[in-house]
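the sequence and its predicted three-dimensional model are supplied below.
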Amino acid sequence: MNIEKKLIKPASLEKLVILLKEEGKQIFAPVKKDNLVNFAEISTLQEMTEDYILTVQSAKSVAFPKVENLFDIKTTKESITLTDKNLNEIPEIVLLGARPCDAAGFDSLNAIFTWDYIDSIFVERLKKVTIIGMSCNKYDAKCFCTSMNGNPGDTKGSDILLTKTNDGNYLAEIITEKGKGIADKHSSLFESISDTIDKNKFIAEVPVKFDLKQILENINKSFESDLWVEQSLRCISCGSCAYVCPTCACFDIQDIYNGHEGHRKRSWDSCGFGLFTLHTSGHNPREVQSQRWRQRVMHKFAYMPDRQQVVGCVGCGRCSRACPVDMNLKEHLINLAEEVVK
Amino acid sequence: MDSIRKKVTELLESGAVKVVIGYGEGSDNNVKAIFVRKPQDASKLIYDERCVQNLAFYLMKHEVKHMGKRGVIAPLSVMRTVLQVASECQLKEDEVVVLGITSEKELVEFSNLKELETYISKSDLSLPAKEKEIMDKIEAMSPAERWQYWTNQLSKCIKCYACRAACPMCYCIRCQVECNQPQWITAEATPMGNVEWHLMRAMHLAGRCVNCGECARSCPMEIPINLLTYKTVSMVKGNFEVYAGASSTMESVLSSYKSDDKENFIR
């Protein structure tokens, strides 16, 4: 589909939020609470903040919630009844204000959840998400999307991408059929705009930090490197990086019972935890943190490109922002690649 | 700073320690923990206002422990942690050299943990002003308001367990939250599941937390969870006159019994 350019004024965007909500869609947008900006459900555009580079947490929970009820369990003396999740109950969600890196992250998640087993719950959730992204007009030292084949005005992954222009209006790029559906239905809110408008004037210029092709090639050769040990000495094996990451997909499955009724639930987990790979026998194939840190990085930069033909990182830098001990992924990647060349 | 670097160089040159855990320049004006093993690397050590991480955590970390005798750059929270974990038999006196840093950023040396205890007994262990302000606000709330405050705060929790990972006192090989036969604490990050987890953790840290603030500092959702454990510590102090991180021989209030223990809290 050719990208169509339109103009949407703030007042029209405000109306759009109300109209989409009236259609029964849940609108999630960046909301500031206790000085933290995170995605939360909104009823009016006023609740959304534009004072953010990135939300603390990624947007992944709209398709991969931190807790997912997989099925219900009922037991009697004679039988056990399992009831699958009713996929029709999954709500239609509009994700407003997701950054291009957030939007791109769903591609990696989708690659994992549809690889050898098609996860119908994830697929259905993602199908019902419409992304009205927002280009970045600022960035910080942790951002490295441009090194990961992305950019602050990238249309990849969004259904509609908004870019705030200097007159306060938004350039709306209609990217997918889903996006076109909204734009056509509410065509009075989308005005025409000159096709020659230069979006680049309004978006941040994030410097390129490394050559991704080179990094991917070198990481593949770095499995035996001593650097993993050195880098992860200060890692405290907390799960911050994984839990804020837009592409981390590790999960844990547990049965939660209350008498004869229960649920099988899926919760976020992290390959950085020792328990993640601990066997019942007591043996742990990833015994120390350096092996877990290597797994986390190699999974994203070696195993995923190999298996799913997609890199498991979008360069949002959330992991490095959330890390309490300054494990800087970008820096570590560069150092690993340099070491292999030596 | 020079005196710290000089001392570290000496310790490494003489072989008195195999590694010194200290602060170094990190990325983007951050500070990171560094592990100095060669005398010439002592020059990488820094100490300023940004150096707040409780490095005592690494004294017990598998990979660091196996390097041999450890030195550690120790502002007050690290000194208290060393005493606390020593009292809990997690660290032996001869395994560590504490390079104390005073509030004036001066080096203070200790030849044994007794001397460290004496130093701590003369130090100001009260809550920092900023935290005290929040604490006072919470204390002034009615029970209903307080419940509301904490359920609001804890509903933000994503159960990444960074608080537990960062806490030098959370060294259990198997945390109770990970026991699932039976499942004492639910694994889900739901508002009530989060309350269960944090209350359990606070109870397990009663009288043991040295209020280094690592749990709150490492929380990506910026929940002031250190106040929960601090509260349990102040209650233990009030009732049992025992203060965490003040002695390497203190008995844990939660796992010891004295016939003259107060029972006034049993109603």
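Nice, I can see it.

show me where chain A has helices.
A:10-22, A:100-113, A:120-127, A:177-185, A:212-219, A:227-232, A:240-244, A:289-298, A:304-308, A:318-322, A:329-341 (DSSP state H).

now do the fourth one and helix A:120-127, the angle between them.
If I follow you right, that is helix A:177-185. Comparing the axes of helix A:177-185 and helix A:120-127 via axes from the mean of the first three to the mean of the last three C-alpha atoms, to 10 degrees yields an angle of 40 degrees.

and the gap between A:Lys199 and A:Lys5?
Taking C-beta to C-beta, to the nearest Å as the measure, A:Lys199 falls 9 Å from A:Lys5. (Each C-beta comes from the backbone N, C-alpha and C, glycine too.)

so which of those two has more stuff around it?
A:Lys5 (18 against 15; other C-beta atoms under 10 Å in any protein chain shown).

how does chain B divide up, domain by domain?
Following the assignment in automatic domain parsing, chain B carries domains at B:2-121, B:129-242.

lowest mean pLDDT across the ones you listed, which one is that?
Here the lowest mean pLDDT among those goes to domain B:129-242, at a mean of 91.

close to chain A, is that one?
Yes - residues of domain B:129-242 contacting chain A under C-beta under 8 Å from any C-beta of the partner chain: B:156, B:158-166, B:178, B:180, B:183, B:186-190, B:214, B:217-218, B:220-222.

rewinding a little: among the helices of chain A, show me which one is buried the most.
Mean neighbour count (mean count of other C-beta atoms under 10 Å in any protein chain shown) peaks for helix A:240-244 among these, with a mean of 26.

got a list of contacts for it?
By C-beta atoms under 8 Å, 6 or more residues apart in numbering or on different chains, the residues outside helix A:240-244 that reach it are A:56-58, A:248, A:250, A:268-272, A:296, A:318-324, A:327, A:329, B:158-160, B:162, B:218, B:220.

and those, which of them are in strands?
If you go by DSSP state E, those have A:Trp268 in strands.

can I get stretch B:218-236 in PDB? Just the C-alpha atoms.
C-alpha atoms of stretch B:218-236 as PDB (Å, rounded to 0.1, in the frame of the first residue of the first chain):
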ATOM      1  CA  SER B 218      16.800  -0.200  41.200                       C
ATOM      2  CA  CYS B 219      13.000  -0.200  40.800                       C
ATOM      3  CA  PRO B 220      12.200   0.700  37.200                       C
ATOM      4  CA  MET B 221       8.800   1.900  38.300                       C
ATOM      5  CA  GLU B 222      10.300   4.100  41.000                       C
ATOM      6  CA  ILE B 223       8.300   2.600  43.900                       C
ATOM      7  CA  PRO B 224       9.700   3.800  47.300                       C
ATOM      8  CA  ILE B 225       9.700   0.200  48.600                       C
ATOM      9  CA  ASN B 226      12.700   0.900  50.900                       C
ATOM     10  CA  LEU B 227      10.300   2.700  53.200                       C
ATOM     11  CA  LEU B 228       8.500  -0.600  53.900                       C
ATOM     12  CA  THR B 229      11.600  -2.400  55.000                       C
ATOM     13  CA  TYR B 230      12.800   0.700  56.800                       C
ATOM     14  CA  LYS B 231       9.500   0.700  58.800                       C
ATOM     15  CA  THR B 232      10.100  -2.800  59.900                       C
ATOM     16  CA  VAL B 233      13.600  -1.900  61.000                       C
ATOM     17  CA  SER B 234      12.400   1.000  63.100                       C
ATOM     18  CA  MET B 235       9.700  -1.200  64.700                       C
ATOM     19  CA  VAL B 236      12.300  -3.800  65.600                       C
END
